[in-house]
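quick one, fold the following:
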Amino acid sequence: MFDIFWRGVAIGIGGTVFMDVWAIILARFFGQSPPNWAPVGRWFWHLGRGKVFHDTIANAESHPNELAIGWTSHYAVGILYGLILAVVWGPAWLASPTFLPAFIVGIVTVGAGWFLLQPGLGIGWAASKTPNPNKVRALNLVAHTVFALGMFATALATR
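You can find the predicted model right below:
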C-alpha cells in the first residue's frame with residue numbers, strides 16, 4: 001500500500017509540474033497570462049471558513065499568504081488526483097501504465113474546476129462569466145490533458 005501511496009504522490013506532482021511548464025510555455029511563446037494562484041489561495045482560505053461561492057473572489061477578505069496557499073493547494077489537489085489514479089487503477093496499472101486512465105482522470109478533474117472552483121471564484125459555471133468562456137474552457141481541457149500526460153509520464157518513470 002505504501003508503494004501505491006508514494007507513487008500516487010509522485011504522479012500527482014509530476015502531472016502538476018507538466019501543467020505548470022505548459023503554462024510557462026503559453027505565457028512565454030503565445031502571450032497567454034500565467035495563472036495567478038493568489039485568488040485560488042484566497043478561495044481555499046475562505047473555504048476553510050465555510051464560504052464556497054463568491055460573487056467575485058476579488059471582493060472577499062484577503063489573506064497575507066494567499067499566494068502561498070494557492071500554490072500549496074494547487075500541488076495538494078494535483079497530489080490528490082495522482083493518488084486517486086494510483087488507487088483506482090492499482091498495482092497492475094502502476095506496473096504497466098497506459099495513457100487512457102491518466103487521461104480519464106485528467107479530463108474528469110476539469111469538472112472540479114468548472115463546477116466548484118470557477119463558480120467559487122465568482123467567474124461562473126465553466127467560466128461562463130468571463131469575457132471569452134469558450135477560450136477558457138478550451139484552455140482548461142488542454143491544460144488538464146497536459147496534466148494527464150504528466151501523470152502518465154511520471155507513472156512510466158516510476159514503474
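
spit out the contact partners of residue 96.
Neighbouring residues of residue 96 by Cβ atoms under 8 Å, 6 or more residues apart in numbering: residue 159. Bear in mind the C-beta positions are built from the backbone N, C-alpha and C, glycine included.

where does pLDDT dip in the chain?
Along the chain, the model assigns pLDDT under 70 to no residue.

what ranges does it have for its helices?
In the chain, the segments counted as helices under DSSP state H are 2-30, 38-47, 66-95, 99-112, 118-121, 133-158.

among the ones you listed, which comes closest to residue 59?
Proximity to residue 59 (Cβ to Cβ) singles out helix 38-47 among these, at 10.3 Å.

returning to that earlier point: redo the helices of the chain as CSV? Include distance to residue 59 and mean neighbour count.
CSV is the format used below for the helices of the chain (distance: least, Cβ to Cβ, whole Å; neighbours: other Cβ atoms under 10 Å):
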stretch, distance to residue 59, mean neighbour count
helix 2-30, 26, 17
helix 38-47, 10, 21
helix 66-95, 14, 18
helix 99-112, 23, 18
helix 118-121, 11, 21
helix 133-158, 20, 19
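
CSV for those helices, including distance to residue 55?
Shown next, in CSV, are the helices of the chain (distance: least, Cβ to Cβ, whole Å):
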stretch, distance to residue 55
helix 2-30, 27
helix 38-47, 12
helix 66-95, 18
helix 99-112, 20
helix 118-121, 10
helix 133-158, 17
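
select, out of these, the one closest to residue 60.
Nearest to residue 60, of all the helices of the chain, is helix 38-47, at 5.6 Å by Cβ to Cβ.

quick one, the closest one and helix 66-95 angle?
90 degrees (axes from the mean of the first three to the mean of the last three Cα atoms, to 10 degrees).
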